[in-house]
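1. Just the structure for this:
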Amino acid sequence: MAAPRDDADPAEPFNGRLALLLAMAMFVLVVDTSIMNVSISAVVRDIGATVSGLQSAIALEALVSAAFILIGSKIGDLIGRKRAYVLGLLGYAAGAVAMTMAHSLVPIIIFWSLMGGLGASLLLPSMQSLIHGNFEGKSQARVYALVGASAAIAAAVGPLLGGFITTFLSWRVAFALEAVIIAVVLLGIGLVRDVPYTGPRTLDVVGAVLSIVGMGGIVLGILTWQEGGEFVGALLVIGAAGLAGLFSWLVRRERQGRAMLLDPNLFRSKPFRFGATQQMLQQIALGGTMIVLPIYLQMVLEYNAMEAGLSIAPLSLTMFAIAMLAGKRAGKGRARPVALIRWGFGLLSVGLLAIVPVVPRADSGWWLLLPLVVAGCGLGLLVSQLNNYTLSPISDERISEAAGVNSAAGSFGLSFGLAFAGAIMLASLSLVFTALATSSAVLPPEDQQQVAQVLEDDAQILSNTHLEELLAEQPEEIRAEIVGINTAARPIALQIALLIPILAGLSGLVISFRMAPMPETKRSGSGDGMVLG
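-> Okay, the predicted model is just below:
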């Protein structure tokens, strides 16, 4: 654990108000995109835009925040972590206010996508740096748990909250409430103590460009894959080459003793490497689960967005409650965080595995209650411990860099989980449905091809009710056969897609046995980096 700084009072009381404000900032950051996602139809109708145009704005925001997040951590060092935090909040506030007044796509792209994306790249690493610098020991672990739980519950309830406000009030009200929350957070900025940076103040331009190419290429490739676009492989290769080039460049700069965007010693530290990797795996599991279950609930059980959100609520509520409980009981020995991380991945894997045999039998969301509670307990333990394990041993001079890498790993994992699990589910549905249709003794060959084409075009919305509407003019025997095939194919597709978050959870469990107890840190005021004990 981090040794107390000389100017810190070990008996200083826990600043609950500051912790709550930091959690509120994280909640807004995560819930913002969820609100936009569920409001697409209403926004398109009100401003006269197109669905593809608005989806491009959403993709652009994710791309900008990912591409600039490593640079954002360095900018926080140069201008001050507190100032970067404020600028990040103002970027989000500008986007939220623009959404309340937008009457065309242009201000959404400028303020919500570009300014909001840049705001996120500043906000995420600076927030984690400020947690590191404003809290110590058990208090620091509690705040990491609170902020992690806030992000997790925002991701889980965001679609439900956004759908409710959009349905019964207006999508503009949802974004106005975001701006109000940000204003409340900014009013409490006086509670935040800045964390000074004493390292090199020269910007590594080449490293910055390589980080943009690397992170931007990877995320753009995932987004293109998610939308079924072309050149996915080329974009992923470019991104991977950019990240490999970045690491090589950093090693070279370190040998020359010159300023670097990131300290490569971060990646040589096993605790940091393991922590960032586990963060990515946890986010892959969360993202995969949060895409396939809503699709299944809406497509198979024919729930609306609100009913689907309520069915998944046990996962988010349990996650939040366990994270709070584990955070309050943090700090009991250096081995405890690793044990909780191991239990977290174990419970997450057990909960997701339990869903697999339930899926073909489930006729309501109640069947998912117990597995989601178990998985939620696992996620709650993970979000309460991973940031603390990964970042607590880092020195003040390197905390922004470490927070940037940690945030990038989480963002990549979430994007990958959402895109890959969703794509696997729909591809599996198409393949299984086509295989069952072509082997049917009831369907004539010409109908088999037509059914396969319909599925390919409408896979995401092909509920039995919708399918029956499409087949209204077909004979009763053929209609019943196709609906029966659809009923049999969908649980198989969900079971296959669930392998993505399950494999992520099991991988995390295996890695957890290689994780050492959380190391102690001897602070270095010279800016030479971290010393792990």
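2. what sits against the nearest residue to residue 292 once chain neighbours are set aside?
-> Closest residue in space to residue 292, ignoring its immediate chain neighbours: residue 497 at 4.4 Å, by Cβ to Cβ, 6 or more residues apart in numbering. Where C-beta positions appear, they are placed from N, C-alpha and C, glycine not excepted. Counting by Cβ atoms under 8 Å, 6 or more residues apart in numbering, residue 497 makes contact with 288, 292, 421, 422, 424, 425, 428.
3. Could I get the average pLDDT for the host helix or strand of the last one?
-> What it means is residue 428. Using DSSP states H and E, residue 428 falls within helix 399-438. Mean pLDDT, helix 399-438: 78.
4. which parts of that helix are buried?
-> Residues of helix 399-438 classed as buried: 399-426, 428-434, 436-437 (neighbour count, 16 or more other Cβ atoms under 10 Å).
5. Likewise for stretch 267-286?
-> For stretch 267-286, by 16+ other Cβ under 10 Å, it's 269, 271-272, 274-286.
6. roughly how far is it from the heart of the chain?
-> 14 Å (Cα atoms, centre = their mean, to the nearest Å).
7. how about low-confidence regions in the stretch 151-300 of the chain?
-> 156, 198-201, 226-229 (pLDDT under 70).
8. For the residue nearest to the spatial centre of the chain, list the residues it contacts.
-> Closest residue to the average C-alpha location of the chain: residue 414 at 3.8 Å, with Cα atoms, centre = their mean. Residues near residue 414 by Cβ under 8 Å, 6+ apart: 155, 283, 284, 286, 287.
9. ok, now with 6 Å
-> 283, 287 (Cβ atoms under 6 Å, 6 or more residues apart in numbering).
10. Contact partners for the residue nearest to residue 243 when sequence neighbours are not counted?
-> Nearest residue to residue 243, sequence neighbours excluded (Cβ to Cβ, 6+ apart): residue 214, at 3.6 Å. Residues near residue 214 by Cβ under 6 Å, 6+ apart: 239, 242, 243, 246.
11. residues in contact with whichever helix or strand residue 130 is part of?
-> In the assignment (DSSP H and E), residue 130 maps to helix 116-134. The set of residues external to helix 116-134 that reach it, using Cβ under 6 Å, 6+ apart, is 61, 64-65, 68-69, 72-73, 76, 81, 84-85, 87-88, 91-92, 95, 143, 192-193, 195, 391, 399-400, 403-404, 407.
12. any idea of the mean pLDDT for that helix?
-> Mean per-residue pLDDT for helix 116-134: 84.
13. could you pull out the strands for this protein?
-> Using DSSP state E, no strands are found in the chain.
14. Measure how buried residue 167 is and give me the count.
-> Neighbours of residue 167 under the rule other Cβ atoms under 10 Å: 15.
15. swap that for residue 380, sorry
-> Residues lying near residue 380 (other Cβ under 10 Å) number 32.
16. That one contacts residue 324, correct?
-> No - counting by Cβ atoms under 6 Å, residue 380 stays clear of residue 324, with 8.1 Å between them.
17. What does residue 195 show for phi and psi?
-> phi -110, psi 110 (degrees, to the nearest 10).
18. quick one: it and residue 96, what's the gap?
-> 27 Å (Cβ to Cβ, to the nearest Å).
19. ok, now residue 105?
-> Computed as Cβ to Cβ, the residue 105 to residue 96 distance reads 17 Å.
20. swap in residue 177?
-> 9 Å.
21. Between the two, which has more neighbouring residues?
-> More neighbours surround residue 96 than the other of residue 177 and residue 96, with 25 against 18 (other Cβ under 10 Å).
22. Next up, the contacts around that one.
-> 175, 178, 179.
23. was I right about residue 207 contacting residue 261?
-> Yes - Residue 207 sits in contact with residue 261 when judged by Cβ under 6 Å, with a separation of 3.3 Å.
24. circling back: could you export the contacts of residue 96 as JSON lines, including neighbour count and distance to residue 19?
-> Converted to JSON lines, the contacts of residue 96 look like this (neighbours: other Cβ atoms under 10 Å; distance: Cβ to Cβ, whole Å):
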{"residue": "175", "neighbour count": "26", "distance to residue 19": "25"}
{"residue": "178", "neighbour count": "23", "distance to residue 19": "20"}
{"residue": "179", "neighbour count": "19", "distance to residue 19": "22"}
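25. out of the residues you listed, which one sits closest to residue 254?
-> Closest approach to residue 254 among those (Cβ to Cβ): residue 178, at 40.9 Å.
26. Okay, buried residues for stretch 288-303 please.
-> Under the neighbour-count criterion of 16+ other Cβ under 10 Å, stretch 288-303 has 288-301, 303 buried.
27. no no, stretch 246-265
-> So for stretch 246-265, counting by 16+ other Cβ under 10 Å, buried means 246, 247, 249, 250, 253, 260, 261, 262, 263, 264, 265.
28. can you check stretch 195-211 too?
-> Applying 16+ other Cβ under 10 Å to stretch 195-211 flags 195, 197, 199, 204, 207, 208, 209, 210, 211 as buried.
29. what about dumping the CA coordinates of it to PDB?
-> The C-alpha coordinates for stretch 195-211 follow below in PDB (Å, rounded to 0.1, in the frame of the first residue of the first chain):
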ATOM      1  CA  VAL A 195      -1.400  16.900  -7.000                       C
ATOM      2  CA  PRO A 196       1.800  18.600  -8.100                       C
ATOM      3  CA  TYR A 197       3.900  17.100 -10.900                       C
ATOM      4  CA  THR A 198       7.700  17.400 -10.600                       C
ATOM      5  CA  GLY A 199       8.800  15.300 -13.600                       C
ATOM      6  CA  PRO A 200       9.900  16.500 -17.100                       C
ATOM      7  CA  ARG A 201       7.700  19.200 -18.600                       C
ATOM      8  CA  THR A 202       8.600  18.500 -22.300                       C
ATOM      9  CA  LEU A 203       5.900  17.000 -24.500                       C
ATOM     10  CA  ASP A 204       6.900  13.900 -26.400                       C
ATOM     11  CA  VAL A 205       5.400  14.800 -29.800                       C
ATOM     12  CA  VAL A 206       6.300  11.600 -31.600                       C
ATOM     13  CA  GLY A 207       5.000   9.500 -28.700                       C
ATOM     14  CA  ALA A 208       1.800  11.500 -28.700                       C
ATOM     15  CA  VAL A 209       1.200  10.900 -32.500                       C
ATOM     16  CA  LEU A 210       2.000   7.200 -32.100                       C
ATOM     17  CA  SER A 211      -0.500   7.000 -29.200                       C
END
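30. and for stretch 288-298, what are the contacting residues?
-> Against stretch 288-298 from outside (Cβ under 6 Å, 6+ apart): 303, 308, 311-312, 417-418, 421-422, 425, 494, 497, 500-501.
31. Which residues are in contact with residue 505?
-> Applying Cβ under 6 Å, 6+ apart, the residues near residue 505 are 285, 345, 348, 349.
32. Keep only those of those residues that are in helices.
-> 285, 345, 348, 349 (DSSP state H).
33. and the residue nearest to the third one when sequence neighbours are not counted, what is it in contact with?
-> Spatial nearest neighbour of residue 348, chain neighbours left out: residue 378 (3.2 Å); criterion: Cβ to Cβ, 6+ apart. The contact partners of residue 378, by Cβ under 6 Å, 6+ apart, come to 344, 347, 348.
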